[in-house]
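*Asks:* A predicted structure for the sequence below; I have some questions about it.
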Amino acid sequence: MLSTLDLNGTWKVRWFDGQHGQPETYLGENADERTFIPAEVPGELHMDLERAGLIGDCNIGMNAQAARWVEEQVWLYRTKFDAPAESLESSAWLVFEGLDLYARIFLNGEEIGSHNNFFTPCRINVTGKLREGENYICVCIEAGMLAAADKPSAPYCPGISDKLYKRSWLRKPQSSFSWDWSPHLVNVGIWRPVRLEWTKTARIDAVTIYPDLADDHKSAKINAKVFVENTKKEPVKAVIKLKVPEADAVIEKEVELPSGISKHEIFVDIADPKLWWPRPHGEQPLYTVKVKLLINGEIEDKKTSRTGIRSIRINQDPHPETGEYFILEVNGVPIFAKGGNWVHPDIIFAKTTPERYRKLVELAVDANFNALRIWGGAMYTDHAFLEACDELGVMVWHDFIFACAKYPGDDGDFNQLVRDEVTHVVRDLSPHPSLVVWCGNNELEWVYPYWDYQKNHPLPDHALFHFYFPRIVAEEDPSRPYWPSSPYSTNHRDPNDRTTGDQHPWNVSLQGEGPNFWHYRGDVSRFPNEGGVLGATSPATLRQFIPENEMYLLSPTWEFHDNACNYAVDKLCYDIVRHWTGLNPDEMNFDDYIFYSGLLQGEGLQEYANNFRRRMFSSSSAIFWMYNDTWPASHGWTIVDYYLRRKMAYHPVRRAFQPIQIIPAIDGDAVRIFGINDTLEDCSVKARYGVFMLAGELPIDKEKEITLKANSATVIDEIKLADWNQLGVDASGVFGVLYKDGAPIAQNRLFTTLFKDLKWSKPNISIERKGSKVVFTSPTFVWGVCLDIDGEASISDDFFDILPGIGYEIDWPEDKPVPVVQRIGSLI
Ligand code: BMA
């Protein structure tokens with residue numbers, strides 16, 4: 001039977017800069033450890049050095065800049081352990097679940113193996129190498145810089161710093177080498193658990209689990225591909241048992257295990273399967289899958305996972321206008337994907353706990369997400385993250401980890417390394433029903449024709465994404481679609497073509513339209529998968545990482561933590577505030593600037609969501625860039641920041657994604673009032689809509705009882721542009737409110753005049769308690785009522801508008817004093 005000895009805990013470590021001694025001197029049994037410091041395994045060396053008081057918290061001030069020496073050292077870890085007697089007479093392995101990055105491993109002074117991929121485990125056969133009693137391990141490790149030093153940077157990597165770092169060659173998180181939203185902080189260390197394993201005969205190497213749902217949904221299969229290692233030279237008879245307790249399903253298969261690793265396929269039938277659905281389309285029932293390997297009736301090894309039963313397909317039928325649809329269909333039902341892009345939630349990759357993954361997924365669900373895209377520049381996600389998505393009904397689009405560069409697929413070793421990596425992750429993450437698409441990479445296809453460094457170079461990695469990876473996915477896990485890149489188009493069209501495949505609509509913010517997010521209004525993207533607006537972080541977070549004497553725009557720490565796109569598109573963030581409010585950031589006080597920057601980010605993201613949702617299913621997603629932060633940033637794309645505070649854009653996005661929504665949008669010569677219903681049931685509502693004057697009247701004020709059809713966008717009515725124009729578009733807006741059983745459930749408005757040019761009227765806000773709610777009213781229009789600028793209070797709504805004479809209700813516990821308005825956006 002497989003047994004394990006946990007080797008995690010406090011090891012010892014020291015660094016070598018090439019001058020003060022060499023690692024080789026410290027490989028001996030009784031090496032002088034006085035110059036070593038404690039190192040937690042699993043962990044990461046910046047964490048150990050911070051604990052030892054040798055560097056500061058890299059999230060604060062300029063500490064990350066001061067810690068760059070860490071990545072340039074060679075490190076030596078040491079630990080001792082007692083080998084259990086039984087392990088000496090068995091087949092045994094040392095297993096490192098995660099090494100970052102180039103590692104040589106020594107057992108009792110003898111070099112026993114090496115590893116060079118952050119994303120895959122390292123398993124070293126130590127059979128016959130363990131000794132009785134005490135053994136010791138040394139791991140000599142470096143971040144990858146030395147290993148890549150002799151590799152060419154051209155034609156693979158685009159940036160200036162890539163001449164030094166050559167990230168394309170290194171199979172580790174690419175964003176560590178700095179990205180617009182991340183500092184340069186290259187991790188190094190033993191980042192996942194370590195153990196000794198031993199067995200007399202065999203062990204399970206991997207289990208791939210995936211469902212097969214019958215077209216009529218009356219039956220399903222849960223398939224398991226079981227990879228078994230027989231350590232004997234001769235074949236061994238065994239039984240593989242597959243059990244799904246929730247379905248009372250169990251099956252056994254007699255197999256013969258040849259020497260080495262062999263694959264065995266087995267499945268159970270599930271009658272009347274309970275289907276897994278993305279929210280808000282249904283429940284998320286999960287099935288436990290137990291796999292046991294039996295030899296002579298005894299359990300040799302076992303693995304347990306949880307899965308869900310659902311089908312997934314990308315509907316790419318011809319679109320009636322041009323191109324094709326791109327719709328995620330789960331269990332045959334089209335699903336509109338609402339959400340954001342996920343980046344790793346810490347610059348130190350080992351730091352994220354299961355609780356933090358869970359909390360982040362919960363905050364996304366509270367913001368009405370049903371989709372997250374794992375962007376291809378950080379890391380393959382963790383089981384804890386996918387478990388939360390499985391349980392909460394969030395679909396996950398997962399890029400393989402290749403982003404914004406060329407990769408040396410033309411190098412034989414590299415090519416094999418990444419094929420092994422992809423095979424490993426496809427098997428490892430297979431049980432999770434939330435994982436719905438495997439995608440080759442981020443933006444590699446798009447950049448071929450456009451990015452300067454790409455021009456006139458061959459495509460060294462094309463075969464990876466178009467030949468090898470699709471075959472690996474089809475072979476290992478045929479239940480999930482593979483898409484070559486994001487964005488990508490069919491029929492050799494521009495990869496970012498709006499009418500086919502998925503899109504990154506970056507015309508707003510990064511390409512041409514700059515701060516003018518109203519350009520989203522005409523975007524017909526079939527599956528927008530990126531696109532976003534920058535805004536300032538929560539003031540509480542700014543206070544946490546910027547020293548008090550640097551709390552001003554462009555201070556050294558402000559700038560170090562600022563998003564690089566604010567430089568790539570010169571002063572983009574300041575232009576946003578200037579363009580929409582007419583205020584000059586250079587003359588604004590810091591607090592005012594932060595408020596408007598955050599408020600406007602929320603405006604922009606609402607435009608993104610509104611535009612694509614009202615086109616449902618011609619457009620079938622509104623996935624924006626990006627959901628969460630990797631460190632505390634000054635300006636960022638996100639709605640939840642590093643310290644998990646809700647940024648100013650959080651509640652506006654949450655409302656824009658609510659399952660039942662009303663959206664006024666310009667369509668031809670009218671403003672059409674769309675009613676959106678994402679649920680699978682028709683919903684009867686009363687719609688109130690028309691034109692409001694900022695000063696107070698409602699010159700067009702209509703009502704209609706209507707049923708919003710399930711899973712669709714319904715045109716409730718329209719208001720002719722000519723009628724609105726007559727009332728003066730600089731003094732008015734179009735509004736819509738939905739009521740269900742007398743209570744307001746959704747509110748929205750549309751302007752065609754910039755905020756700075758609107759004719760504002762003085763607000764007069766009154767707040768009244770109404771049971772477990774409070775109601776905000778004003779005779780005039782109020783923009784952006786802010787109750788908690790820091791995003792820390794647990795309140796159900798914030799940063800909302802008050803329509804003249806129409807109350808805005810929010811939930812408010814009866815025992816809490818009525819809220820105080822901290823700020824408003826109205827420019828008066
Ligand atoms: C896209 C993304 C990221 C980047 C973002 C903002 O290209 O794929 O690489 O962070 O734009 O610049």
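*Replies:* Received, thanks.

*Asks:* how close does the residue nearest to the spatial centre of the chain get to the ligand?
*Replies:* Nearest to the mean C-alpha position of the chain, counting by CA atoms, centre = their mean, stands W342 at 1.7 Å. Shown here: W342 relative to the ligand, a distance of 12 Å by CB to the nearest ligand atom, to the nearest Å. Heads up, the C-betas are built off the backbone N, CA and C, glycines and all.

*Asks:* over to N748?
*Replies:* 27 Å.

*Asks:* report the beta-bridge partner residues of that residue.
*Replies:* For N748, the beta-bridge partners are G736 (DSSP bridges).

*Asks:* spit out the contact partners of E792.
*Replies:* Remark: with contacts taken as CB atoms under 8 Å, 6 or more residues apart in numbering, E792 is in contact with 538, 540, 645-646.

*Asks:* ok, Q822 next?
*Replies:* Q822 neighbours (CB under 8 Å, 6+ apart): 786-789.

*Asks:* what number of residues are in the vicinity of the closest residue to D757 other than its chain neighbours?
*Replies:* In space, not counting the residues next to it along the chain, D757 is nearest to D730; the distance is 5.7 Å by CB to CB, 6 or more residues apart in numbering. As a burial measure, D730 scores 12 neighbours (other CB atoms under 10 Å).

*Asks:* same check, this time on D399
*Replies:* Burial of D399 is recorded as 26 neighbouring residues (other CB under 10 Å).

*Asks:* who's in contact with whatever residue of the stretch 451-600 of the chain ends up closest to the ligand?
*Replies:* Per CB to the nearest ligand atom, C565 is where the stretch 451-600 of the chain lies closest to the ligand, at 5.0 Å. Each residue near C565 by CB under 8 Å, 6+ apart is listed here: 180, 509-510, 534, 572.

*Asks:* re the thing from before, in this structure the residue nearest to D757 contacts F751, no?
*Replies:* No: between D730 and F751 there is no contact, the gap being 9.1 Å when judged by CB atoms under 8 Å.

*Asks:* the contacts of Q822 in strands, which ones?
*Replies:* Assigned to strands by DSSP state E, none of those qualify.

*Asks:* closest to D17 among these?
*Replies:* Closest approach between those and D17, by CB to CB: I789, at 45.8 Å.

*Asks:* quick revisit: as TSV, the contacts of Q822 with distance to E530, pLDDT and neighbour count would be great.
*Replies:* TSV is the format used below for the contacts of Q822 (distance: CB to CB, whole Å; pLDDT from 0 to 100; neighbours: other CB atoms under 10 Å):
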residue	distance to E530	pLDDT	neighbour count
C786	28	98	18
L787	31	98	20
D788	29	98	20
I789	28	98	21
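
*Asks:* farthest pair in these?
*Replies:* In the contacts of Q822, the most distant members under the criterion CB to CB are L787 and I789, with 8.4 Å between them.

*Asks:* which residues pair with the residue nearest to the centre of the chain across the strands?
*Replies:* Under the criterion DSSP bridges, W342 forms beta bridges with I374.

*Asks:* for it, what are its contacts?
*Replies:* 372-375, 381, 626-628.

*Asks:* do I795 as well
*Replies:* Contacts for I795 (CB under 8 Å, 6+ apart) come out as 787-788, 810, 812, 819.

*Asks:* now with 10 Å, please.
*Replies:* Counting by CB atoms under 10 Å, 6 or more residues apart in numbering, I795 makes contact with 646, 651, 787-788, 810-813, 816, 819.

*Asks:* what strand or helix carries it?
*Replies:* Following DSSP states H and E, there is no helix or strand that holds I795.

*Asks:* no more questions from me, cheers.
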